[in-house]
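[1] sequence first, predicted coordinates after that:
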Amino acid sequence: MGYYESSFYGLLALCTCLLVSQPTRRGQLKKQTDDSYKPATRDDRHPEGYWYKVYALVMGADWLQGPYLYSLYRDEHGLSERLVSTLFATGFLSGAISAYFVGALADKQGRKAVCMTFCLLYAMSCVFTVVPVVPLLFLGRILGGISTSILFSVFDSWMVTNFRKNKLVEHGCDLSRTYATTSIVNSLTAIVSGVTSEWLVNVTGTKKAPFLLSAALLWCALQLIWAHWVENYGEKASTSEGASKKPSNLWATLKRPSILALGFASTMFEGSMYLFVFFWTPTMKSVQKSAGELPYGFIFASFMASSMAAALIFNIAMQRRPVKYSRLLIGILLTANFCFVKLAGPKTEDATFWLFCLFEACVGIYWPCTGYLKGRLVEDDVRAKVYSILRIPLNIFVVSFLFLAGDSKQFAKVFGACSMFLTASFGAVWAASMKESMP
């Protein structure tokens, strides 16, 4: 067994131990002393069960495409490097342009309806991606960009509003634990999807197979959303409740120091994360000591296992709230900054691998931490719109860096720039936490 295989299985064993120690909804209900709380029984259905099922399906559809999108364009479709880069940039630009309209549409017409639309649009994107006709490939990237905006804004908006509207805290649920569990589901889905996509390509002999399976998963998700989710709104709901509740002002929300700092930190961290996705492979190749091909499947799986382990630790630690979430975010940004500073300089193969694993651990804690912060700081009636707008600078950031980097050999410069931006984002969050009370 090789070094990377052993590392993966070690991380998987750690995840298994942490999974056994996880706090549960039943355990939370047992702690309640109020007689109004009904003890959970074995037959009780988890009130967020369909959220986790749908999230696993849509993220599985997304993860299935990742390993083979570039290879499908270059190897099977025979596209030039320049055209492939243009296609990737088109997806990010589409996400940036559509972000505001996606959020506004979801808040007014309903988040459930827009999530169902996501399933259709992303399935169409998968179908167009496997057709080797350039105009259709561009249409696929445009639909993919719009779908990504929905996936990372409207789904969260529906979940948080549903949590509050149905008072799930009274059923033993906790928003922080929900986000942590969602991150765990995402990591598990990524590992399974990576193995499944590789198996599909080997069995079918074509890199189109994972995209077709993605479309099938999205159809299953659409059926679950349609049958089991309850619609919720933003502005439409607040205006229909009468004059007792004044609708939130979008721009007043966006100008708050806490939201500005959180948006800036999200742009810098998530932008660095996307750049990591583009550059980790050439970085590992540049420090490779042994001859032959690196086991990229096990390396990627190790990254996902690191992210999952961190999310599991977060779920256990934050039950007692030992630190504010804003302070935890500062710690995440500082640790990520340390990773990129080291990656930008001289490094060994082993050090590079574990620095990447450490950064992925930061990712595993980042998602539930920022999800909880946004859930507490943003009002329900403009939630989807705010979440979508916060993704606009992220898409612009990634496209700009990909353009300036030129090629994959400039990873050291890119990592160095990421470290500087993460330092700036740490300062912004720190200043906002001093000026305005943050959870």
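    Received the coordinates, thanks.
[2] low-confidence ranges, the stretch 151-300 of the chain, go.
    235-248 (pLDDT under 70).
[3] apply 80 and report the result again.
    Scanning the stretch 151-300 of the chain for pLDDT under 80 picks out the ranges 170-172, 234-250, 278, 291-294, 296-297.
[4] tell me where it has helices.
    Using DSSP state H, counting those that start in this stretch, the helices of the stretch 151-300 of the chain run over 154-165, 175-204, 209-228, 235-240, 250-254, 257-286, 296-317.
[5] in TSV, list these along with mean neighbour count.
    C-beta coordinates here come from the backbone N, C-alpha and C atoms, glycine included. Shown next, in TSV, are those (neighbours: other Cβ atoms under 10 Å):
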stretch	mean neighbour count
helix 154-165	22
helix 175-204	20
helix 209-228	19
helix 235-240	16
helix 250-254	15
helix 257-286	20
helix 296-317	23
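[6] now these in TSV, with distance to Gly66?
    Converted to TSV, the helices of the stretch 151-300 of the chain look like this (distance: least, Cβ to Cβ, whole Å):
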stretch	distance to Gly66
helix 154-165	18
helix 175-204	8
helix 209-228	9
helix 235-240	34
helix 250-254	31
helix 257-286	8
helix 296-317	9
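[7] to Thr129, which of those helices lies closest?
    The closest of these to Thr129 is helix 209-228. By Cβ to Cβ, the value is 5.4 Å.
[8] what's the closest one packed up against?
    helix 49-65, helix 111-129, helix 175-204 (3 or more Cβ pairs under 8 Å, 6 or more residues apart in numbering; DSSP states H and E).
[9] using PDB, write out every CA atom in it.
    Extracted C-alpha coordinates of helix 209-228, given in PDB (Å, rounded to 0.1, in the frame of the first residue of the first chain):
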ATOM      1  CA  ALA A 209     -21.100   8.800 -18.600                       C
ATOM      2  CA  PRO A 210     -20.800  10.900 -15.300                       C
ATOM      3  CA  PHE A 211     -22.600  13.800 -16.900                       C
ATOM      4  CA  LEU A 212     -25.600  11.600 -17.900                       C
ATOM      5  CA  LEU A 213     -25.700  10.100 -14.400                       C
ATOM      6  CA  SER A 214     -25.700  13.700 -13.000                       C
ATOM      7  CA  ALA A 215     -28.800  14.500 -15.100                       C
ATOM      8  CA  ALA A 216     -30.500  11.400 -13.600                       C
ATOM      9  CA  LEU A 217     -29.600  12.400 -10.000                       C
ATOM     10  CA  LEU A 218     -31.000  15.900 -10.700                       C
ATOM     11  CA  TRP A 219     -34.300  14.400 -11.900                       C
ATOM     12  CA  CYS A 220     -34.500  12.400  -8.600                       C
ATOM     13  CA  ALA A 221     -33.800  15.600  -6.600                       C
ATOM     14  CA  LEU A 222     -36.600  17.400  -8.600                       C
ATOM     15  CA  GLN A 223     -39.100  14.700  -7.600                       C
ATOM     16  CA  LEU A 224     -38.200  14.900  -3.900                       C
ATOM     17  CA  ILE A 225     -38.300  18.800  -3.800                       C
ATOM     18  CA  TRP A 226     -41.700  18.800  -5.600                       C
ATOM     19  CA  ALA A 227     -43.200  16.100  -3.300                       C
ATOM     20  CA  HIS A 228     -41.700  17.000   0.100                       C
END
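[10] begin at 129 from here
    Sounds good: first residue 129 from here, last item helix 337-356.
[11] so which residues of the stretch 429-567 of the chain form strands?
    Counting by DSSP state E, counting those that start in this stretch, the stretch 429-567 of the chain has no strands to list.
[12] do a quick rundown of the helices in it.
    Under DSSP H, counting those that start in this stretch, the stretch 429-567 of the chain gives helices at 453-472, 477-505, 511-518, 520-533, 539-563.
[13] so which of these is nearest Phe283?
    So among the helices of the stretch 429-567 of the chain, helix 511-518 is nearest, using Cβ to Cβ, at 9.4 Å.
[14] quick one: mean pLDDT for that closest one?
    The average pLDDT within helix 511-518 is 87.
[15] of all the helices of the stretch 279-428 of the chain, which lies closest to Phe468?
    helix 385-414 (6.7 Å).
[16] other SSEs contacting that closest one?
    Secondary-structure packing of helix 385-414 (3+ Cβ pairs under 8 Å, 6+ apart): helix 378-382, helix 424-445, helix 453-472, helix 477-505, helix 511-518, helix 520-533, helix 539-563.
[17] low-confidence regions, the stretch 429-567 of the chain specifically.
    447-449, 529-539, 562-566.
[18] one more time with 70, if that's ok
    In the stretch 429-567 of the chain, residues with pLDDT under 70: 533-537.
[19] for the helix or strand that Arg269 is a member of, buried residues please.
    Assigned by DSSP states H and E, Arg269 belongs to helix 262-279. By 16 or more other Cβ atoms under 10 Å, the buried positions in helix 262-279 come out as 265-279.
[20] and the angle from that helix to helix 511-518?
    120 degrees (axes from the mean of the first three to the mean of the last three Cα atoms, to 10 degrees).
[21] tilt between helix 262-279 and helix 239-257?
    Using the same axes, to 10 degrees: helix 262-279 against helix 239-257 is 150 degrees.
[22] what lies in contact with helix 262-279?
    The contact list for helix 262-279, computed with Cβ atoms under 8 Å, 6 or more residues apart in numbering, reads 186, 190, 201, 205, 207, 211, 215-216, 218-227, 230, 234, 242-243, 245-246, 249-250, 252-257, 259, 516, 519, 523.
[23] any idea how far Cys485 lies from Thr306?
    With the distance defined as Cβ to Cβ, to the nearest Å, Cys485 ends up 25 Å from Thr306.
[24] correction: the previous question concerned Ala464.
    Distance from Ala464 to Thr306, by Cβ to Cβ: 24 Å.
[25] returning to that earlier point: distance from the helix holding Arg269 to the middle of the chain?
    Relative to the centre of its chain, helix 262-279 is centred 18 Å away, using Cα atoms, centre = their mean, to the nearest Å.
[26] cool, and stretch 429-440?
    Centroid separation between stretch 429-440 and its chain, computed with Cα atoms, centre = their mean, is 13 Å.
[27] same thing with stretch 183-201?
    13 Å.
[28] number of nearby residues for Ala217?
    18 (other Cβ atoms under 10 Å).
[29] hmm, it is touching Ser528, no?
    No - the pair Ala217 / Ser528 is not scored as a contact, 9.9 Å apart, by Cβ atoms under 8 Å.
[30] shared neighbours of these two, anything?
    In contact with both Ala217 and Ser528: no residue, using Cβ under 8 Å, 6+ apart.
[31] correct me, but Leu422 touches Ser414?
    No - the criterion here is Cβ under 8 Å, and Leu422 misses it with Ser414 at 11.2 Å.
[32] for whichever strand or helix holds Ala234, name the packing helices and strands.
    Remark: Ala234 resides in helix 209-237, with elements defined by DSSP H and E. Applying 3+ Cβ pairs under 8 Å, 6+ apart, one finds that helix 209-237 contacts helix 239-257, helix 262-279, helix 282-293, helix 363-368, helix 511-518, helix 520-533.
[33] appreciated, that's everything.
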